[in-house]
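Participant: Structure, please.
(chains A and B)
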Protein chains: 2
Amino acid sequence: MKTVPLVVTGLGNVGRAFFSLLREKADDLERRYGLGLEILAVARAEGCFYSGGPLEVRQISKSGEPWTSGNPAWREGMRVTDVIGERGPGGCLVECTLSNLETGEPGMSYITAAFHGGWHAAAASKGALVVGLPALKALAAESGVLLKFSGATAAALPTLDVGLFSLAGARIEGIQGILNGTSNYILTRMGEGLDYGEALKEAQDKGIAEPNPAHDVEGWDTAGKILLITNACLDTEYVLKDVQVRGIAGLAVDFVRTARREGRSVKLLATAAPGRKGGRWSLDVRPSLIDATDPLAHVDGTEKGITFLTDSMGSVTVTGGRSNPRGAAAALLKDIINIYRPPF
Amino acid sequence: MKTVPLVVTGLGNVGRAFFSLLREKADDLERRYGLGLEILAVARAEGCFYSGGPLEVRQISKSGEPWTSGNPAWREGMRVTDVIGERGPGGCLVECTLSNLETGEPGMSYITAAFHGGWHAAAASKGALVVGLPALKALAAESGVLLKFSGATAAALPTLDVGLFSLAGARIEGIQGILNGTSNYILTRMGEGLDYGEALKEAQDKGIAEPNPAHDVEGWDTAGKILLITNACLDTEYVLKDVQVRGIAGLAVDFVRTARREGRSVKLLATAAPGRKGGRWSLDVRPSLIDATDPLAHVDGTEKGITFLTDSMGSVTVTGGRSNPRGAAAALLKDIINIYRPPF
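Facilitator: The predicted model follows:
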């Protein structure tokens, strides 16, 4: 069995779901992939939880909250670089912070530290990647490590896997996706008769939408995802301001109802389309009418989906994948397995 | 650039489409993956086309037919083993014969020869795999080479990629697929009013169904695919007689029309479902009613699709992917790229 040390950054819902999933899957990972994954440290802004051996969730939190003061595993001032320095190269950073889409921090510093120490990184947070994917890819290549980010690009819906692995050798000629479960839930409920405010409130009551839903309903979450998917699959270097973004906030219910009467749906669609004669691609996010025959037309509720148009494989659509912290944790785990497993 | 020698077995539609695709993609493969793929030989029952260097399609066929007599590149009696022996290990066999589902030949002998010579194999034909996947996997592992067969499991629709790569770490709890384009086309047209005989004839006139359509409409093609997908993704060793098979041949049009009036569809569904308490899985193929909300309900015409149910990632469905020789060739190329590309 190959033992792999991990450092988890951030202890929000995704980080904690990752802890649970790892415990649940330990035997299975050993049996199926010959892997023993151990959480060596959990990093926060002020220090690290670190005890020199594998951490259990009970060592780092009480009543579900991070527990620092008086905790024998808490090392005030310890940094990710210190942990990696003690262990040596070959581990994997598991980036679960809430990183800022403008500065990329704190994820950017964590990932950079990992690469400099010869560690791979699997990210569930978008900030660092939206801000600096090309630079991070270059640094990973220089350092001989890998950067994976399924968890940041629609979690358990395999967007990058399909674009990079399943479509290897095909030329991608267009991408279209429903990439935000919250917006899609609101639009689905509007199609069933609720107005925007009612649908949003229902989504908030059910814990689907955040108390401050701006990031989702104004389209920025979707914009970050289509940006990352495009840059990863096409090896381009577009930036967030290249994406034309219009969200669903305040959308008139009549638009959705009329569409439905005509047998069509309104979806918050992210699109990447090639420019003419090899020019720049256009990236946009906006509420769009789609026909009932479109493979994304029946992606409803909190479901997500993506279609790739290609030259040699036709069009390939993937839909589904759990949209919650457990789904994001499963996407992180998948990426880590695919970094370390033997060729198959 | 890494140069990789290939031996193609079989010169049917898929083998020829592979030749064209490779020529079309040569520059792109070098630029994106650092790979130079060269067809070193084409093997037939009686000998090989072989000239010691990369073969062009004009060296091996005239008017689209294999050209042996008087051909300077034709070596009567030369075997795959001889070609591999001259070149040494590290190449890849591209298996495109029409192999028998009962004997597995001639694919079985070709793949075995490749493994013994230290070559990988990418297969578009199912015969050898349906008959002996577990033994072939064991031999590949012993020989330190890889066996890929996307082309044999719904071609450009990524079934194995999703099951093995995108769902790594998740437990698959069920599989359901529409895996045969010909049957799905016939059922789609029956839903639009044609009876079975009319729909079959139309499919034959359009080149979608074979003159002898038994393999497709009696469900054996679908059965072979669900068997291979199940055995590959679950690491099981079921055999073809474990699959309960009922095809669509002679299906009453009333069944399809009634379903449609009730908002449902009839699909030739392949299902793999776990037994109780970890017992044997049940595998079956039969015309099945599915609801309009099923993610496979709108997979119409020659399209295919597959749904995986999992414990940690929810359900993931993939649909589409070109269903013709070019799509199968693209699947072969994808597998070859994924064998040789650097980690990403």
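
Participant: any residues touching stretch A:327-342, and which ones?
Facilitator: Contact with stretch A:327-342 is made by A:2, A:4, A:6, A:14, A:17-18, A:20-22, A:25, A:29, A:33-35, A:37, A:92, A:94, A:96, A:120, A:122, A:124, A:146, A:148-151, A:155-156, A:321-322, B:165-170, B:312-314, B:343, as judged by C-beta atoms under 8 Å, 6 or more residues apart in numbering or on different chains. The C-beta positions use only the backbone N, C-alpha and C, and glycine is treated the same way.

Participant: same question, stretch A:127-142
Facilitator: A:95, A:97-105, A:107-108, A:110-112, A:115-116, A:120-121, A:123, A:146-147, A:149, A:152, A:224, A:227-228, A:231-232, A:237, A:240.

Participant: if we can go back for a sec, drop anything exposed from the contacts of stretch A:327-342.
Facilitator: Buried subset of these (neighbour count, 16 or more other C-beta atoms under 10 Å in any protein chain shown): A:4, A:6, A:14, A:17-18, A:21-22, A:25, A:29, A:33, A:35, A:37, A:92, A:94, A:96, A:120, A:122, A:124, A:146, A:148-151, A:155-156, A:321-322, B:165-170, B:312-314.

Participant: Quick check: helices, which of those are part of them?
Facilitator: A:14, A:17, A:18, A:21, A:22, A:25, A:29, A:33 (DSSP state H).

Participant: Would you format the residues you listed as a markdown table with pLDDT included?
Facilitator: Conversion of those to a markdown table gives the following (pLDDT from 0 to 100):
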| residue | pLDDT |
| --- | --- |
| A:14 | 95 |
| A:17 | 95 |
| A:18 | 97 |
| A:21 | 97 |
| A:22 | 97 |
| A:25 | 98 |
| A:29 | 98 |
| A:33 | 97 |
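
Participant: and the residues you listed near chain B, which?
Facilitator: Among these, proximity to chain B is found for A:21, A:25, A:29, A:33 (C-beta under 8 Å from any C-beta of the partner chain).

Participant: so the nearest residue to the third one once chain neighbours are set aside bridges to which residues?
Facilitator: Spelled out, that is residue A:29. Distance criterion C-beta to C-beta, 6 or more residues apart in numbering or on different chains; nearest residue to residue A:29, sequence neighbours excluded, is residue A:35 at 4.7 Å. Under the criterion DSSP bridges, residue A:35 forms beta bridges with residue A:2.

Participant: isn't residue A:35 right next to residue A:1, touching?
Facilitator: Yes: Residue A:35 is within contact range of residue A:1, at 6.9 Å (criterion: C-beta atoms under 8 Å).

Participant: Domains in chain A, by residue range?
Facilitator: A:2-156+A:325-340, A:159-319 (automatic domain parsing).

Participant: Which one of those domains lies nearest to residue B:46?
Facilitator: domain A:159-319 (31.5 Å; C-beta to C-beta).

Participant: quick one: is that closest one near chain B?
Facilitator: Yes: shown here: domain A:159-319 in contact with chain B (C-beta under 8 Å from any C-beta) through A:161-162, A:164-171, A:235, A:292-293, A:295, A:297-298, A:307, A:312-319.

Participant: wait, what's in contact with the closest residue to residue A:124 other than its chain neighbours?
Facilitator: What sits nearest to residue A:124 in space, not counting adjacent residues and going by C-beta to C-beta, 6+ apart, is residue A:151, at 3.2 Å. Contacts here follow C-beta under 8 Å, 6+ apart; on that basis residue A:151 touches A:14, A:96, A:122, A:123, A:124, A:125, A:328, A:329, A:331, A:332, A:335.

Participant: got it, and residue A:249?
Facilitator: A:196, A:214, A:217, A:218.

Participant: one more time with 10 Å, if that's ok
Facilitator: A:183, A:186, A:196, A:200, A:213, A:214, A:216, A:217, A:218, A:219 (C-beta atoms under 10 Å, 6 or more residues apart in numbering or on different chains).

Participant: Residue A:249 should be in a helix, yeah?
Facilitator: No: counting by DSSP: H, G, I helix; E, B strand; the rest coil, residue A:249 is located in no helix; its state is coil.

Participant: what's the pLDDT at residue A:279?
Facilitator: If you check residue A:279, the pLDDT there is 86.

Participant: how about stretch A:243-260: buried residues?
Facilitator: Buried residues in stretch A:243-260, defined by neighbour count with 16+ other C-beta under 10 Å: A:243, A:245, A:247, A:248, A:251, A:253, A:256, A:257, A:259.

Participant: what's the spacing between that stretch and its chain's center?
Facilitator: Centre-to-centre, stretch A:243-260 and its host chain are 25 Å apart (C-alpha atoms, centre = their mean, to the nearest Å).

Participant: In contact with the residue lying closest to residue A:326 once chain neighbours are set aside, which residues?
Facilitator: Nearest residue to residue A:326, sequence neighbours excluded (C-beta to C-beta, 6+ apart): residue A:17, at 4.9 Å. Residues near residue A:17 by C-beta under 10 Å, 6+ apart: A:96, A:124, A:324, A:325, A:326, A:327, A:328, A:329, A:330, A:332, B:312.

Participant: which secondary structure elements does the helix or strand bottoming out on mean pLDDT in chain A contact?
Facilitator: Least confident helix or strand, chain A: strand A:65-66 with a mean of 86, by mean pLDDT, DSSP states H and E. Helices and strands touching strand A:65-66, as assessed by 3 or more C-beta pairs under 10 Å, 6 or more residues apart in numbering or on different chains; DSSP states H and E, are absent.

Participant: helix or strand right after that strand?
Facilitator: strand A:74-76 (DSSP states H and E).

Participant: Sheet-wise, list the partners of that next one with their directions.
Facilitator: Counting by DSSP bridges, strand A:74-76 is paired with strand A:47-50 (antiparallel).

Participant: Count the neighbours of the spatially closest residue to residue A:42 that is not a sequence neighbour for me.
Facilitator: Of all residues not flanking residue A:42 in the chain, residue A:49 sits nearest, at 4.3 Å (C-beta to C-beta, 6+ apart). Burial measure for residue A:49: 27 neighbouring residues, criterion other C-beta atoms under 10 Å in any protein chain shown.

Participant: dump the residue contacts of residue A:49.
Facilitator: Contact partners of residue A:49, counting by C-beta under 10 Å, 6+ apart, are A:7-8, A:11, A:39-43, A:55, A:59-61, A:66-68, A:71-75, A:78, A:83.
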